[in-house]
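Participant: sequence and computational prediction follow.
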Amino acid sequence: MWCRRLAWLFPETRRLLTKVSKRQHQWTPRLQRSSASVVRWFGTAPEARECSWVLHADHFELLYSGTCMRFDYVWLRDHCRSASCYNTKTNQRSLDTASVELDIKPAQVRVDETTLYLTWPDGHMTRYGLEWLSQNSYEGQTQQLVQPRILWNDKIYKEANVPAVSYLDFLETNEGLRDFLRNFLLYGIAFVDDVPATQEDTENVAERISHIRETIYGKMWDLKSDFSRGDTAYTKLALDRHTDTTYFQEPCGMQLFHCLRHEGTGGRTLLVDGFHAAEQVRQHHPEDFAVLSHIPLKHEYIENVGGCHNHMVGIGPVLNVYPWNKELYMIRYNNYDRAVINTVPYDLVGRWYSAHRVLTTELRKPENELWVKLKPGKVLFVDNWRVLHGRESFTGFRHLCGCYLTRDDVLNTARLLGLKA
Ligand SMILES: C[N+](C)(C)CCCC[C@H](N)C(=O)O
Ligand SMILES: O=C(O)CCC(=O)C(=O)O
Ligand SMILES: [Fe+2]
């Protein structure tokens, strides 16, 4: 098990991991029948789903449609959806959780085909739909992804022939918007075509799906090679693959690029699926994956050019995974903006550099590179928590406009259109 092998990381991590692996051991599905437990089998009609339960001293165990779930008693009382505990108009809890005895245990338990009925010592009754419980149990969640994705390299993305949505469909139809968002969530990139090449129209496109995230670059930003800002992006130089705003505590979720004009050569955009690369690392070099997902480091933006004075610092690991299902949710990768490494003990620094090298090698494989030339009219959306971007050096006059989007609002729009996000 990879987390055991990680014990050398930090003492805190080691203590946590020992606890987790002990608890996981305890959680192996099995039906316990100690003398303190009560076992009930619900006699089922042939088509009904089999259900049984055990009232253990410290938790409730429910076997339903093949899955063994375990619930803490305070959790069961706290999640009661009765009218006095939960307001279905606001979808908010009314129960004061602090009023629940921490050693509470149901006085009576009953199950029928669809529902679990718990009666608490004070007589209050809680009803749980068995389907609701299996959806919302920890065991159910560990088997689900928060966001389903299709990981890609150049060949996979090209063969998928993902269609761009046209400006009018995107702005005027919910289907256009939904198709666009579905592809964007699946691939982490998406294109809108036929957008008038102005900043105002680009802004309209952005605001169709989200609030714009205003940053030190403003709300809508312009990018020309005029060094109007103290960053390599504002030159004609090539930029290696990276994610933006790694130096924010919460890096910007999404980014939008529209090339309004380019008279010159070069300047193609490079896109690389960071999660595809990271999953390769997880599969072939699990210890390197663990290093990159546990060791926090700083990124920094220091600017003193013209009237612009900024000093931003963001701290976090390169790879970010949800602890309960190990799903990747964010990559923070920018070698330009990575700050002095001073959050890592000297004897781990070498491990971090070699893990970073393994990821970088994967990210740089030519077969993982998707190159596109942005043209006026074509707006590119990039999931900045997943897909890295870069650019080729260029000549001549080049003008990009764009903005960052607030991730929560993009996902909100997607959920309201019925997408899983
Ligand atoms: C996109 N825009 C031109 C506004 C900013 C560029 C920011 C560049 C910075 N090095 C970073 O990677 O975050
Ligand atoms: O010039 C480009 O194509 C992209 C530059 C860049 O990385 C950025 O603006 O974030
Ligand atoms: Fe960038």
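Facilitator: Received, thanks. Ligands and ions are numbered 1, 2, ... in the order given.

Participant: need the three-state assignment for residue 202.
Facilitator: helix (DSSP: H, G, I helix; E, B strand; the rest coil).

Participant: and it, how far is that from ligand 1?
Facilitator: Separation of residue 202 from ligand 1 (Cβ to the nearest ligand atom, to the nearest Å) stands at 13 Å. C-beta here means a position set from N, CA and C on the backbone, and glycine is covered the same way.

Participant: list the contacts for the nearest residue to that residue once chain neighbours are set aside?
Facilitator: Excluding its sequence neighbours, the residue lying closest to residue 202 (Cβ to Cβ, 6 or more residues apart in numbering) is residue 258, at 4.5 Å. Listed by Cβ atoms under 8 Å, 6 or more residues apart in numbering, the contact partners of residue 258 are 195, 197, 202, 205, 374, 376, 378-380, 400-402.

Participant: now the element after the helix or strand harbouring residue 298, going C-ward?
Facilitator: Taking DSSP states H and E as the criterion, residue 298 maps to strand 297-305. Sequence-wise, the next helix or strand downstream of strand 297-305 (DSSP H and E) is strand 308-316.

Participant: which one of the contacts of residue 258 is nearest to residue 175?
Facilitator: Using Cβ to Cβ, residue 205 comes nearest to residue 175 of these, at 16.6 Å.

Participant: quick check, the residue in the stretch 251-400 of the chain closest to ligand 2?
Facilitator: residue 391 (3.6 Å; Cβ to the nearest ligand atom).

Participant: residue contacts, the closest residue to that residue other than its chain neighbours?
Facilitator: Excluding its sequence neighbours, the residue lying closest to residue 391 (Cβ to Cβ, 6+ apart) is residue 239, at 4.9 Å. Applying Cβ under 8 Å, 6+ apart to residue 239 gives the contacts 232-233, 336, 390-391.

Participant: can you check residue 333 too?
Facilitator: Residue 333 sits next to 241-243, 246, 274, 318, 359, 363, 388 when contact means Cβ under 8 Å, 6+ apart.

Participant: between the residues you listed, which is closest to residue 120?
Facilitator: residue 318 (46.6 Å).

Participant: element containing the closest residue to the closest one other than its chain neighbours?
Facilitator: Ranked by Cβ to Cβ, 6+ apart and with sequence neighbours excluded, the top spatial neighbour of residue 318 is residue 292, at 4.5 Å. Element membership of residue 292 [criterion: DSSP H and E] is helix 286-294.

Participant: right, and residue 127 touches residue 82 too?
Facilitator: Yes. Applying Cβ atoms under 8 Å as the test, residue 127 and residue 82 come out as touching, 7.3 Å apart.

Participant: what's around residue 229, how many residues?
Facilitator: Neighbours of residue 229 under the rule other Cβ atoms under 10 Å: 19.

Participant: cool, and residue 206?
Facilitator: For residue 206, using other Cβ under 10 Å, the count is 25.

Participant: quick check: phi and psi on it?
Facilitator: Backbone torsions for residue 206, taken as degrees, to the nearest 10, come to phi -60, psi -40.

Participant: looks like it contacts residue 406 (just checking).
Facilitator: No. Using Cβ under 8 Å as the test, residue 206 is too far from residue 406 to be in contact (10.5 Å).

Participant: what do these two both touch?
Facilitator: In contact with both residue 206 and residue 406: residue 212, using Cβ under 8 Å, 6+ apart.

Participant: circling back to that earlier point, who's in contact with the residue nearest to residue 318?
Facilitator: Residues near residue 292 by Cβ under 8 Å, 6+ apart: 278, 281, 317-319, 352, 355-356, 359.

Participant: if I look at residue 59, how far off is residue 387?
Facilitator: Using Cβ to Cβ, to the nearest Å, one obtains 41 Å as the distance from residue 59 to residue 387.

Participant: higher neighbour count, these two?
Facilitator: Shown here are residue 59 and residue 387; by other Cβ under 10 Å, residue 387 has more neighbours (24 against 19).

Participant: chain neighbours aside, what residue packs nearest to that one?
Facilitator: Nearest to residue 387 is residue 188, by Cβ to Cβ, 6+ apart, at 4.1 Å.

Participant: where does residue 84 land in three-state SS?
Facilitator: Residue 84 ends up coil, using three-state DSSP.

Participant: which residues touch the strand holding residue 298?
Facilitator: Here strand 297-305 has contacts from 216, 227-231, 246-247, 309-318, 332, 334, 337-344, 352, using Cβ under 8 Å, 6+ apart.

Participant: from the chain's centre, how far out does that strand sit?
Facilitator: 25 Å (Cα atoms, centre = their mean, to the nearest Å).

Participant: right, is that strand up against ligand 2?
Facilitator: No. On the criterion Cβ under 6 Å from any ligand atom, strand 297-305 is out of touch with ligand 2, staying 12.0 Å away.

Participant: I'd like the average pLDDT over that strand.
Facilitator: Per-residue pLDDT values over strand 297-305 give a mean of 98.

Participant: run the angle between that strand and strand 308-316 for me.
Facilitator: 180 degrees (axes from the mean of the first three to the mean of the last three Cα atoms, to 10 degrees).

Participant: correct me, but residue 211 touches residue 409?
Facilitator: Yes. Residue 211 lies in contact with residue 409 (Cβ under 8 Å); the separation is 4.8 Å.

Participant: of those two, give the one with the bigger neighbour count.
Facilitator: For residue 211 and residue 409, the more surrounded residue by other Cβ under 10 Å is residue 409, and the numbers stand at 17 against 14.

Participant: ok so, going back, after the strand or helix carrying the residue nearest to residue 202, which helix or strand is next?
Facilitator: Residue 258 belongs to strand 254-263 when assigned by DSSP H and E. Note on strand 254-263: by DSSP H and E, the next helix or strand toward the C-terminus is strand 269-273.

Participant: so which elements touch whichever helix or strand comes after that following strand?
Facilitator: Beyond strand 269-273 on the C-terminal side, the first helix or strand identified by DSSP H and E is helix 274-284. If you count contacts as 3 or more Cβ pairs under 8 Å, 6 or more residues apart in numbering; DSSP states H and E, helix 274-284 packs onto helix 286-294, strand 328-331, helix 346-363.

Participant: residue ranges with poor pLDDT in this structure?
Facilitator: Counting by pLDDT under 70, the ranges of the chain that qualify are 1-48.

Participant: look up how far ligand 1 lies from the residue nearest the centre of it.
Facilitator: Taking Cα atoms, centre = their mean, the centroid of the chain lies closest to residue 329, which sits 2.9 Å from it. Separation of residue 329 from ligand 1 (Cβ to the nearest ligand atom): 19 Å.
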